[in-house]
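*Asks:* Any chance you could fold what I've pasted below:
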Amino acid sequence: MKRHHYIIVDSETTRRQTVADFGAVVVGRDGRIVEQFGALVFGHFGKFDLFADPALPDSAFWSEQSAQRRMKNYHAMIDSGERSISSPALIQQWLWGVNQRYQPTLTAYNLAFDFGKCRNTRINLGIFSRSFCLMKAAKKVIGIRADYQQFCYDQDLLTKKKRKPQMTADAMAKFIIGNDLADEPHTALEDARDYERAILAHLLKTLTRQQIMELGQ
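*Replies:* Numbers count the residues shown, from 1 in each chain. Below is the predicted model:
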């Protein structure tokens, strides 16, 4: 019997709407990782500023002040060996190899975002024949649950304006794994591996591949 595999992609971006940090994990239906890849993108990381919103206060994660802290963190990851720098062509070569070995179904938490930013960086995610948006599927299955919504109210995981339950990967993963899970770091490989993978594995406990693909369209 042929095993189904999934590739979860995540990206952190620049102000030029390109990818600075690319990460991906290939998993089986049980959520076990069979391959993973994380790299800062040559020609984009360090050349263009990391994404930031100048309208946000310094304490906000996506503020300009935070972008400086995130850049320092990336350099620390390079120094420690947690990250290397790869060209878009090398990342594409890895993706081609994964596609040949596993024929995985592509997903991401907000697939349209990652697909577009990768395209801007000459990383082609269109090589995968099947794809779905993990965020859309999770909202329809987990987001509507009363226990999830109560969890968000209890933990103050609420949107700022409307005070409604958040539908972020961070909130979903904390619901599944436990609220002691650290806040999502917003580094590509770690987000895909430690947060989005848990959401996918949770959905696949009760859904077939066809069902989750339909929910994620």
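*Asks:* buried stuff in the longest helix along the chain?
*Replies:* Longest helix in the chain, counting residues (DSSP state H): helix 64-80. Across helix 64-80, burial judged by 16 or more other CB atoms under 10 Å covers 66-67, 70, 74, 77. C-beta here means a position set from N, CA and C on the backbone, and glycine is covered the same way.
*Asks:* Could you export those to JSON lines, including columns for pLDDT?
*Replies:* Output for the buried residues of helix 64-80, formatted as JSON lines (pLDDT from 0 to 100):
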{"residue": "Ser66", "pLDDT": "94"}
{"residue": "Ala67", "pLDDT": "95"}
{"residue": "Arg70", "pLDDT": "97"}
{"residue": "Tyr74", "pLDDT": "98"}
{"residue": "Met77", "pLDDT": "97"}
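*Asks:* and those as a markdown table, adding distance to Lys139?
*Replies:* Output for these, formatted as a markdown table (distance: CB to CB, whole Å):
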| residue | distance to Lys139 |
| --- | --- |
| Ser66 | 26 |
| Ala67 | 28 |
| Arg70 | 27 |
| Tyr74 | 30 |
| Met77 | 31 |
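*Asks:* quick revisit: residues contacting the longest helix of the chain, please?
*Replies:* 20-21, 40, 45, 49-54, 56, 58, 60, 83-85, 186-187 (CB atoms under 8 Å, 6 or more residues apart in numbering).
*Asks:* Quick check on Ile177: phi, psi?
*Replies:* Phi and psi for Ile177, reported as degrees, to the nearest 10, are phi -90, psi -40.
*Asks:* Model confidence score at it, please.
*Replies:* At Ile177, the predicted lDDT confidence score is 97.
*Asks:* go on, Ser59?
*Replies:* Ser59 is given a pLDDT of 88.
*Asks:* just Lys2 next, same as before
*Replies:* Confidence score, pLDDT, at Lys2: 63.
*Asks:* try the one 3 residues further on
*Replies:* Note for His5: predicted pLDDT of 97.
*Asks:* sorry, back to before: please list only the buried members of the contacts of helix 64-80.
*Replies:* 20-21, 40, 45, 50-52, 83, 186-187.
*Asks:* Just the ones of those in strands?
*Replies:* 20-21, 40 (DSSP state E).
*Asks:* quick one: the helices in this structure?
*Replies:* 64-80, 88-102, 111-120, 134-141, 146-154, 169-177, 188-191, 197-204, 209-215.
*Asks:* follow-up on the earlier one: which members of the buried ones among the contacts of helix 64-80 are the farthest-apart pair?
*Replies:* Ala52 and Arg83 (19.7 Å; CB to CB).
*Asks:* any idea how far Arg101 lies from Val26?
*Replies:* 8 Å (CB to CB, to the nearest Å).
*Asks:* so what sits against both of those two?
*Replies:* With CB under 8 Å, 6+ apart, Arg101 and Val26 have common neighbours Glu35.
*Asks:* And those two? Which one has more around it.
*Replies:* Neighbour count, other CB atoms under 10 Å: between Arg101 and Val26, Val26 has more, with 19 against 12.
*Asks:* mind listing what the more buried one touches?
*Replies:* Contacts here follow CB under 8 Å, 6+ apart; on that basis Val26 touches 5-7, 33-36, 98, 102, 104.
*Asks:* Show me which of these are buried.
*Replies:* Buried residues within the contacts of Val26, defined by neighbour count using 16+ other CB under 10 Å: 5-7, 35-36, 98, 102, 104.
*Asks:* now, among those, which is nearest to Ala173?
*Replies:* Looking across the buried ones among the contacts of Val26 and measuring by CB to CB, the closest to Ala173 is Tyr6, at 16.2 Å.
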